[in-house]
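Novice: the sequence isn't on hand, but the structure is:
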């Protein structure tokens, strides 16, 4: 088991595991964390202050998480991933290896990001999506490998995003097409 280093006022439920696996670097968790039962946080993970999970969350090795991040029940963050501060991942979100999520990002329930363009057919390496600052991903949306969702962009619920989404744009449909943001969706998220 890897070492676990935490700040003050942290709550780790019985049945949660922090520091799973054999890694040279410990799991580091900042102040004010709440890690609920059934969750597993691997070794070699660095998490900032005010981290909160639902139940049965998985955070794999090599992941860096900023401050004030919520990871909803049954969400999975695979290793070698970077997540900024003031990020909200709702229930059952999948974040694959090699994904970058900036600050002030919202990801709705059931959203899936992918990192392998030709799974088990061709080995071209893994490239996760990049979600830029202030962007939102709607419920049950799918974001394909290597796609960038621009700053303050909004991906509608159920959209399948196959190409980059420019900043301050709405992506709708399968495959997603670009539209102007309607007035209620203009500007950054209010997570900070």
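Specialist: Alright, I've got the coordinates. Remember, it's a predicted structure, so these values are computed and weren't measured experimentally.
Novice: burial count for the closest residue in space to residue 102 that isn't next to it in sequence?
Specialist: Excluding its sequence neighbours, the residue lying closest to residue 102 (C-beta to C-beta, 6 or more residues apart in numbering) is residue 133, at 4.1 Å. In this view, the C-beta of every residue, glycine as well, is placed from N, C-alpha and C. Burial of residue 133, expressed as a neighbour count using other C-beta atoms under 10 Å, amounts to 17.
Novice: which residues touch residue 133?
Specialist: 84, 102-105, 151-152, 188 (C-beta atoms under 8 Å, 6 or more residues apart in numbering).
Novice: need the max-distance pair from these.
Specialist: Set against one another by C-beta to C-beta, these have their most distant pair in 84 and 152, with a gap of 14.1 Å.
Novice: tell me the bridge partners for the residue nearest the centre of the chain.
Specialist: The geometric centre of the chain, computed from its C-alpha atoms, lies nearest to residue 95 (C-alpha atoms, centre = their mean), at 5.1 Å. In this structure, residue 95 has beta-bridge partners residue 77, where bridges are defined by DSSP bridges.
Novice: related to what we said a few turns ago, now, the contacts of residue 133 that are in strands?
Specialist: Among the contacts of residue 133, none falls in strands (DSSP state E).
Novice: residue ranges with poor pLDDT in this protein?
Specialist: Counting by pLDDT under 70, the chain contains low-confidence residues at 1-2.
Novice: measure residue 155 to residue 188 for me?
Specialist: Note on residue 155: its distance to residue 188, by C-beta to C-beta, to the nearest Å, is 15 Å.
Novice: bridge partners for residue 179, pull those for me.
Specialist: On the basis of DSSP bridges, residue 179 takes part in beta bridges with residue 170.
Novice: just give me the neighbour total for it.
Specialist: Counted by other C-beta under 10 Å, the residues lying close to residue 179 total 13.
Novice: what's the answer for residue 153, then?
Specialist: Other residues near residue 153 number 25, with proximity taken as other C-beta under 10 Å.
Novice: same check on the one 4 residues further on?
Specialist: Using other C-beta under 10 Å, residue 157 has 14 other residues around it.
Novice: OK, contacts around it?
Specialist: With contacts taken as C-beta under 8 Å, 6+ apart, residue 157 has the following neighbours: 108, 138-141.
Novice: and those, which are buried?
Specialist: For the contacts of residue 157, burial is judged from neighbour counts taken by 16 or more other C-beta atoms under 10 Å, and it is met by 108, 138-139, 141.
Novice: nearest to residue 21, of these?
Specialist: For residue 21, the closest of the buried ones among the contacts of residue 157 turns out to be residue 108, at 29.9 Å, with distances computed as C-beta to C-beta.
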